[in-house]
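Asker: below is the sequence, then the predicted model.
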Amino acid sequence: MCGGRGERPISASPALAALQDRIGIRFRDEALLLTALTHSSYANEHPEDGSGTNERLEFLGDAVLGLVVAEALYEEFPDEQEGRLTEWRSQLVMGPTLARVAETLGLGTVLRLGRGEETTGGRERERNLERAYEALVGAVMLDRDLDAARDFVRRTLQEEFDGLDGDQALVNPKGALQQMTQGESARPEYLTVEEQGLEHEREFTVEVRIAGRTVGSGRGGSKQLAEKSAAREALEALRRDILGAAGAAGAADAAAGADGAVDEAEAVDSDDAGRER
């Protein structure tokens, strides 16, 4: 099972076996796994392959994902109101979140892509990664059952779940960035710098700037999602700057304290020497 010119070869043995090790699931029917990794561009170029595209599995996986996430939020946060749970669900199933998880699982490296998609960065494209993750959820559901799909989603999204209750930047990164920069002379400005892809699967790249300086960038299947991703990156960068400044200030204070201690010690030594004379 070897790919054509547009695809990085992923024969059924090493690549699929390694992926199954990473996700912790052994497929009874590896054809389902292969279909979950097949982009429409590959299927169009290789109609003889017969595995189809991952779009139907994505449809199923999207529904399973929504159910599992909603169920988990309902059970884990019994005191939260519907509005907050809805925000959190949207955050957990949005493209940038799923793309990040897909990237950690290495899905991009084993996607089956057509020549054009391959050469234009399709393995890193957020929409492709998001779809592959959802298709994989659907494949797990069909190969095993809902319980297995539930376990897979909970394991792979656990880090995202853990961050919900403490960091509002995960839910509303644009609002958090606005709040963080309230004391600045300029508000965050979002600029769309690139659009690519077909009409039905556009991907936008947005930069967020403060006082003319780019502080973050993000990609997404809509301008709104790309802006949220850019705001999230900007928040992380600004927090690193703040920690770095605090560390530098602490080092300067420590150095000043050390200099003062040296001066004081020298003064004491001078006084002692004077008394001895």
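Answerer: Alright, I've got the coordinates.
Asker: you'd agree A230 is up against G216?
Answerer: Yes: counting by C-beta atoms under 8 Å, G216 is a contact partner of A230 at 4.6 Å. Backbone N, C-alpha and C define where each C-beta goes, glycine included.
Asker: neighbour count winner among these two?
Answerer: A230 (31 against 24; other C-beta atoms under 10 Å).
Asker: who are the contact partners of the more buried one?
Answerer: Listed by C-beta atoms under 8 Å, 6 or more residues apart in numbering, the contact partners of A230 are 190, 206-208, 216-218.
Asker: tell me, what residue is most central in this structure?
Answerer: With distances taken as C-alpha atoms, centre = their mean, the chain has R100 as the residue nearest its mean C-alpha position (2.8 Å).
Asker: so which helix or strand takes in that residue?
Answerer: R100 belongs to helix 95-105 when elements are defined using DSSP states H and E.
Asker: now that helix: mean pLDDT?
Answerer: Here helix 95-105 scores 90 as its mean pLDDT.
Asker: now swap in stretch 207-224 and tell me
Answerer: Mean per-residue pLDDT for stretch 207-224: 88.
Asker: tell me the phi and psi of V206?
Answerer: Backbone torsions for V206, taken as degrees, to the nearest 10, come to phi -120, psi 140.
Asker: wait, it touches T192, no?
Answerer: Yes: contact criterion C-beta under 8 Å: V206 and T192 qualify, at 5.4 Å.
Asker: does G24 touch T156 like I think?
Answerer: No: using C-beta under 8 Å, G24 makes no contact with T156, being 9.2 Å away.
Asker: so this structure: which segments form each domain?
Answerer: What automatic domain parsing lists as the domains of the chain is 14-166, 175-276.
Asker: out of those, which gets the lowest mean score?
Answerer: Across these, domain 175-276 gives the lowest mean pLDDT, at a mean of 73.
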